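S.K.: Compute the structure for the input listed below.
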Amino acid sequence: MESETPRDVRPDTQISADPVGFRPPPPRNGSPLRWAGLAALSFVLVALLELTGLPAAILLGAMVAGIVAALTNGGMYVPRLPYLVAQALIGCMIARTLELPVLQEIARDWPVFAGGVLSVILASALLGWSLARLKVLPGSTAIWGSSPGAAQVMTFMSEEFGADMRLVAFMQFTRVIIVAGLAAAVARIWADTSGAGAPVPWFEAPDWANLAATLAVVAVCLVLHRLLKVPALAFVLPMIACAVLQDLGLLTIELPPLLLAVAYVAIGWGIGLRFDKQVLRHAARATPRILLSIFMLVAVCCGLAGLLVIFADVDPLTAYLAMSPGGADTVAIIAASPNVSVDVPFVMAMQIARFLLIVATGPALARFVSRRMGE
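M.R.: Next comes the predicted model:
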């Protein structure tokens, strides 16, 4: 088992093989005025991104605001406990999708899911290996950044396994924007999905009993994470625990939109506040090759979707959305649109199966590539 790396998102405690010469500032955490400015900038950026319809607008807006704050002020960081709680809440959110019908869909057609999932993961791993071999990025960072799905999860898991989470975030969210835009464009060939997104009930009162039970599970999982000292358990334990309790009928996962928004902001700030000018310059130099790898992965997934149409008798739009490498939230919105005829359980089962396998195999694959690259 690997020794635990520090999971505090303070920039002065980040320990990783950083190829861009990251030199952390002395420990401090900004003044209340700076935090107020960061919150205001985040609000403006999130509002603008929501108007454009980009996926994960809250997280992206907070991350960009954090980058701006890091470059202009510096010395700010998200304390460890709120960051771990945010990870746990994202785990609970994903657990809500792991319902029995989806799992039964995977079990019923497991050869199709196994072939589709393994093909996409293999293609992304080869692209990550290529980026590492060409020395565009370090091995572990290239593998985590190329992982096809769950961008925010891959980003904060990558940190716990020694990768540079800033460059992973850059790769992951660049792909999310590209893939989500392409998925929406392809869906419009079949139907108008402009009304797919429903208003978010921000101020609707939650079920307080279910919310208390959900937060109790989060608290227990974080205590176990503290005791076991195993990387990524802050996210993985709540996801598994909530999914099992949900499917046994013992828990109804309750996550108010405002609570999830706060979690997204914490994760976005935790990532963004770590950036500096060297990281951005390195990302800019690597962008052409990263974009090429993203479009190559999309092309491979289109080819695999074609195989599903030919050999598994899946309709073209269902196949494309199921094989789409990331942007699962946008894919879910499009698939659930009443104006589009899509096999929703099949689409979500493929996305979830790929995500679960990536979470299970990502650390071992990243370590393997790191060793081969001599890191």
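
S.K.: C-alpha only now, for contacts and for neighbours.
M.R.: Noted.

S.K.: buried residues in stretch 262-281?
M.R.: Neighbour counts over stretch 262-281 (16 or more other CA atoms under 10 Å) mark 262-276, 279-280 as buried.

S.K.: which stretch of helix or strand covers residue 321?
M.R.: Per DSSP states H and E, residue 321 falls inside helix 316-323.

S.K.: Show me what counts as buried in that helix.
M.R.: 316, 317, 318, 319, 320, 321, 322, 323.

S.K.: what helices or strands is that helix leaning on?
M.R.: On a contact count with 3 or more CA pairs under 8 Å, 6 or more residues apart in numbering; DSSP states H and E, helix 316-323 meets helix 165-190, helix 277-311, helix 328-335, helix 344-372.

S.K.: What are the contacting residues of that helix?
M.R.: 116, 120, 183, 186-187, 190, 301-302, 304-306, 308-309, 331, 335, 342-344, 346-348, 350-351 (CA atoms under 8 Å, 6 or more residues apart in numbering).

S.K.: ChimeraX command to pick out the buried ones of those?
M.R.: In ChimeraX syntax, the buried subset of the contacts of helix 316-323 is picked out as below (16+ other CA under 10 Å):
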select :116,120,183,187,301,302,304,305,306,308,309,331,335,342,343,344,346,347,348,350,351
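
S.K.: Pull out the buried residues from stretch 171-182.
M.R.: 171, 172, 173, 174, 175, 176, 177, 178, 179, 180, 181.

S.K.: For residue 204, which three-state class applies?
M.R.: Following DSSP: H, G, I helix; E, B strand; the rest coil, residue 204 is assigned to coil.

S.K.: Off-centre distance for stretch 212-223?
M.R.: Here stretch 212-223 is found 22 Å from its chain centre; the criterion is CA atoms, centre = their mean, to the nearest Å.

S.K.: Go through that stretch and flag the buried ones.
M.R.: By 16+ other CA under 10 Å, the buried positions in stretch 212-223 come out as 213, 214, 215, 217, 218, 221, 222.

S.K.: Give me the subset of those that lies in helices.
M.R.: Under the assignment DSSP state H, the buried residues of stretch 212-223 contribute 213, 214, 215, 217, 218, 221, 222 to helices.

S.K.: Dump those to a markdown table, plus distance to residue 284 and pLDDT.
M.R.: Shown next, in a markdown table, are these (distance: CA to CA, whole Å; pLDDT from 0 to 100):
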| residue | distance to residue 284 | pLDDT |
| --- | --- | --- |
| 213 | 45 | 96 |
| 214 | 41 | 96 |
| 215 | 40 | 96 |
| 217 | 41 | 96 |
| 218 | 38 | 95 |
| 221 | 38 | 94 |
| 222 | 37 | 94 |
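
S.K.: ok, of the residues you listed, which one's closest to residue 163?
M.R.: Of all these, residue 163 sits closest to residue 222, with 22.5 Å by CA to CA.

S.K.: which ones are touching residue 353?
M.R.: Here residue 353 is in contact with 106, 113, 117 (CA under 8 Å, 6+ apart).

S.K.: Would you mind confirming that the second one makes contact with residue 350?
M.R.: So that's residue 113. Yes. Counting by CA atoms under 8 Å, residue 113 touches residue 350, with 6.1 Å between them.

S.K.: Mind listing the shared neighbours of these two?
M.R.: Joint contacts of residue 113 and residue 350 (CA under 8 Å, 6+ apart) are residue 106.

S.K.: List just the nearest of the buried residues of stretch 212-223 to residue 70.
M.R.: Once CA to CA is applied, the member of those that ends up nearest residue 70 is residue 222, at 28.3 Å.

S.K.: Quick one: mean pLDDT over stretch 248-259.
M.R.: For stretch 248-259, the mean per-residue pLDDT is 93.

S.K.: go on, stretch 111-126?
M.R.: For stretch 111-126, the per-residue pLDDT averages 89.

S.K.: how distant is that stretch from the center of its chain?
M.R.: 18 Å.

S.K.: Sketch out the low-pLDDT regions of this protein for me.
M.R.: Scanning the chain for pLDDT under 70 picks out 1-30, 53-55, 149-150, 152, 184, 188-198, 231-232, 327-330, 332-340, 373-375.

S.K.: can you do 50?
M.R.: Within the chain, the stretches with pLDDT under 50 are 1-26, 193, 195-196.

S.K.: Hmm, residue 254 and residue 96 touching each other?
M.R.: No. Shown here, residue 96 and residue 254 do not form a contact pair, counting by CA under 8 Å, at 9.0 Å.

S.K.: still on that earlier bit, possible to save the buried residues of helix 316-323 as TSV with distance to residue 78?
M.R.: Shown next, in TSV, are the buried residues of helix 316-323 (distance: CA to CA, whole Å):
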residue	distance to residue 78
316	44
317	41
318	40
319	40
320	38
321	35
322	35
323	35
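
S.K.: picking up where we left off before, among the ones in helices among the buried residues of stretch 212-223, which pair sits farthest apart?
M.R.: Among those, 213 and 222 lie farthest apart (CA to CA), at 14.4 Å.

S.K.: still on that earlier bit, now, which of the ones in helices among the buried residues of stretch 212-223 sits nearest residue 356?
M.R.: Nearest member of these to residue 356, counting by CA to CA, is residue 221, at 18.7 Å.

S.K.: Understood, closing this out.
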